[in-house]
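> Just to be clear, the model below is a prediction. Sequence and coordinates:
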Amino acid sequence: MTSIKWLLRLLLTSFCLVGLGYALVSGPPWLIIGLACLSLYFLYTLFQIPMQVLYEVKDFALSIKYKDFARHFATKKQREEIKILRSSFNEIHDAIKEITREKEAQYHYLQKMLDWIDTGILLYKPESGEVVWMNEALKKLWGIPYLKTIDFLEKRNPKLFDKLVHLGNHSEIYQEENKMLLTGTSFSTDGIMFKLIAVKNVNEVLAENEVQSWQKLLSVLTHEIMNSVAPISSLADTLKKRLGDSEDDLAQGIDTIKSRSEGLLKFTAIYRNLNKITSLNTESILVRELFENIYRLMDPTLSHKSIELQVLLRQPNMCVIADKALLEQVLINLILNAVEAVKEVPEPKISLSASLTDHLEIMVSDNGTGIEDEVLDKIFVPFFTTKKKGSGIGLSLCKQIVSLHKGSLLVRSKVGQGSVFTIVLPAF
């Protein structure tokens, strides 16, 4: 219908122009004026629609340029041509809004997903150093709540900054207090270069795998040893009861078998503890109350040995979600180890302290003899000990308990100056 109207106007305009041509040659003035007015009117109506369409298209292009997708083009009381055009514009706007919503939803989903993973993610522009995004895992790992530019790291940690800036499209190990695996990749979008870096705490992964491996090994060992030794102990006891007093040598031998098998059973029962702790009975605990309990328990023993126990707590209202009994067991074990370390020091001191930032740190430090570097890497390995009467189970249990709390147990030590054991737990 619209095309027919436009063709009709075109024909009328043509007739008026042809008639005006003839009138100019031999027609009266009133006819010339009349045909001239009609020609101008039809020419105006003929070009009015294309001009309005051009204006509408320009208006629509501006709305796209400035992302004004909330705009609605009115279609009521409009010519049929403009009504059709504006309806199309509205459909395009709706389609763009739907695509935008889907992309925003995907972005938020991806952001949430990356915030939940335990691998740190950093995205920045190498040219300007602007940090585009960093996830929660990286903030906790580096202890940085916000990072505007990568250059901020140069002042805070020059060594790490240099490693990140020169990291290519490969993986490298970076180590200070924690061992971290850094993996970098670069890419370009719309002519802008980006650098993506993934940061993984290798210590946590190794510790978790180590605990799982030892648990599997211990489960097999204790099962086999218990099954083998229990019948021997029982049989030795039965044979001894049946022997007479005249069989002294044989009875003595059986006594030895019984004694050693019972000792082995007791030994195996102790190491079963490494597998027993698999769940937690957590509650909200005031760190102040936790320290008070430890002080009341340990102070008599330490005072008897002339060891000074310092308790430092600058934030008395700190709380931790933990299994109280197990966390106390860890602290007692660490303090007892510190007692062994300071026993030959002229003025022995042990310090128990805590601090809260984006995570909770509980520290047990001493001014003892320190731990040698070659021993430091082995102290958390089950059965490893430097004590004559040690079982090598204490620190392994401590690390397992802290791992169950989604935390980590770290150690710093210097020979002749002392050691610091740090329990790092999530803050709530």
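Sure, I can see it.
> Now do the same for the closest residue to R314 other than its chain neighbours: helix, strand or coil?
Computed as C-beta to C-beta, 6 or more residues apart in numbering, the closest residue to R314 that is not its neighbour in sequence is S355, at 7.2 Å. The C-beta positions use only the backbone N, C-alpha and C, and glycine is treated the same way. Assigned with DSSP: H, G, I helix; E, B strand; the rest coil, S355 falls in the strand class.
> thought S355 was touching L312?
No. Under the criterion of C-beta atoms under 8 Å, S355 makes no contact with L312, lying 9.1 Å away.
> quick one: which of these two has more around it?
S355 (16 against 12; other C-beta atoms under 10 Å).
> tell me the contacts of that one?
By C-beta atoms under 8 Å, 6 or more residues apart in numbering, S355 lies in contact with 314-315, 361, 363.
> any chance of those in TSV, plus distance to K67?
Output for those, formatted as TSV (distance: C-beta to C-beta, whole Å):
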residue	distance to K67
R314	50
Q315	47
E361	47
M363	53
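> Of those residues, grab the buried ones for PyMOL.
Buried residues within the contacts of S355, by 16 or more other C-beta atoms under 10 Å, are selected in PyMOL with:
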select buried, resi 361+363
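> ok, of the contacts of S355, which one's closest to F152?
Nearest to F152 among the contacts of S355 is E361, at 22.8 Å by C-beta to C-beta.
> Quick check: the closest one vs E127, distance?
37 Å (C-beta to C-beta, to the nearest Å).
> now swap in S365 and tell me
From S365 to E127 the distance is 45 Å (C-beta to C-beta).
> Kindly report the same for K349.
Relative to E127, K349 is positioned 52 Å away (C-beta to C-beta).
> So for the two, which residue has more residues nearby?
The residue with more neighbours, out of K349 and E127, is K349; 17 against 10, by other C-beta under 10 Å.
> What's the local residue count around P348?
The burial count for P348: 21, using other C-beta under 10 Å.
> if I read this right, it contacts S306, doesn't it?
Yes. Contact criterion C-beta under 8 Å: P348 and S306 qualify, at 7.1 Å.
> and for those two, which residues touch both?
With C-beta under 8 Å, 6+ apart as the test, P348 and S306 reach no residue in common.
> how's the chain carved up into domains?
Segmentation of the chain into domains, based on automatic domain parsing, reads 2-103, 117-201, 205-276, 283-426.
> so where's the stretch 1-150 of the chain uncertain?
For the stretch 1-150 of the chain, the stretches flagged by pLDDT under 70 are 1-7, 9-10, 13, 16-17, 20, 22, 42-49, 114-115.
> can you give me the helices for it?
Per DSSP state H, counting those that start in this stretch, the stretch 1-150 of the chain carries helices over the ranges 2-26, 29-65, 80-116, 136-142.
> would you turn the ones you listed into TSV with distance to E328 and mean neighbour count?
As requested, the helices of the stretch 1-150 of the chain are arranged in TSV below (distance: least, C-beta to C-beta, whole Å; neighbours: other C-beta atoms under 10 Å):
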stretch	distance to E328	mean neighbour count
helix 2-26	86	13
helix 29-65	66	14
helix 80-116	31	13
helix 136-142	25	18
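> closest to S188 out of those?
Here helix 80-116 is closest among these (C-beta to C-beta), at 19.6 Å.
> what sits against the closest residue to S87 other than its chain neighbours?
Spatial nearest neighbour of S87, excluding adjacent residues (C-beta to C-beta, 6+ apart): T75 at 5.5 Å. Residues in contact with T75, defined by C-beta under 8 Å, 6+ apart, are 83, 86-87, 90.
> Any figure for the gap between T75 and V57?
Distance from T75 to V57, by C-beta to C-beta: 16 Å.
> swap in E292?
Note on E292: its distance to V57, by C-beta to C-beta, is 78 Å.
> same check, this time on E372
Distance, E372 to V57, using C-beta to C-beta: 80 Å.
> Also L196?
Distance check for L196 against V57: by C-beta to C-beta, it reads 41 Å.
> How about A95?
17 Å.
> Mind listing what's buried along stretch 304-311?
In stretch 304-311, counting by 16+ other C-beta under 10 Å, buried: 307, 309.
> Could you pull out the strands in the stretch 301-428 of the chain for me?
Ranges of strands within the stretch 301-428 of the chain are 308-313, 319-322, 349-356, 359-366, 408-414, 418-426, based on DSSP state E, counting those that start in this stretch.
> Could you dump those into a markdown table and include distance to V132 and mean pLDDT?
Below are the strands of the stretch 301-428 of the chain laid out as a markdown table (distance: least, C-beta to C-beta, whole Å; pLDDT from 0 to 100):
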| stretch | distance to V132 | mean pLDDT |
| --- | --- | --- |
| strand 308-313 | 40 | 89 |
| strand 319-322 | 33 | 90 |
| strand 349-356 | 30 | 91 |
| strand 359-366 | 25 | 92 |
| strand 408-414 | 29 | 89 |
| strand 418-426 | 27 | 91 |
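> got those strands as JSON lines, with distance to K65 columns?
As requested, those are arranged in JSON lines below (distance: least, C-beta to C-beta, whole Å):
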{"stretch": "strand 308-313", "distance to K65": "60"}
{"stretch": "strand 319-322", "distance to K65": "52"}
{"stretch": "strand 349-356", "distance to K65": "50"}
{"stretch": "strand 359-366", "distance to K65": "47"}
{"stretch": "strand 408-414", "distance to K65": "52"}
{"stretch": "strand 418-426", "distance to K65": "47"}
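> So which of those is nearest R79?
R79 lies closest to strand 418-426 among the strands of the stretch 301-428 of the chain, at 66.3 Å (C-beta to C-beta).
> helices and strands around the closest one, which ones?
Applying 3 or more C-beta pairs under 8 Å, 6 or more residues apart in numbering; DSSP states H and E, we find strand 418-426 packed against strand 319-322, helix 324-342, strand 359-366, strand 408-414.
> Repeat the analysis, applying 10 Å as the threshold.
Using 3 or more C-beta pairs under 10 Å, 6 or more residues apart in numbering; DSSP states H and E, the elements in contact with strand 418-426 are strand 319-322, helix 324-342, strand 349-356, strand 359-366, helix 394-404, strand 408-414.
> could those go into JSON lines alongside distance to H170?
Listed next are the helices and strands packed on strand 418-426 as JSON lines, based on distance: least, C-beta to C-beta, whole Å:
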{"stretch": "strand 319-322", "distance to H170": "39"}
{"stretch": "helix 324-342", "distance to H170": "38"}
{"stretch": "strand 349-356", "distance to H170": "36"}
{"stretch": "strand 359-366", "distance to H170": "30"}
{"stretch": "helix 394-404", "distance to H170": "30"}
{"stretch": "strand 408-414", "distance to H170": "27"}
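> Right, I'll call it a day here.
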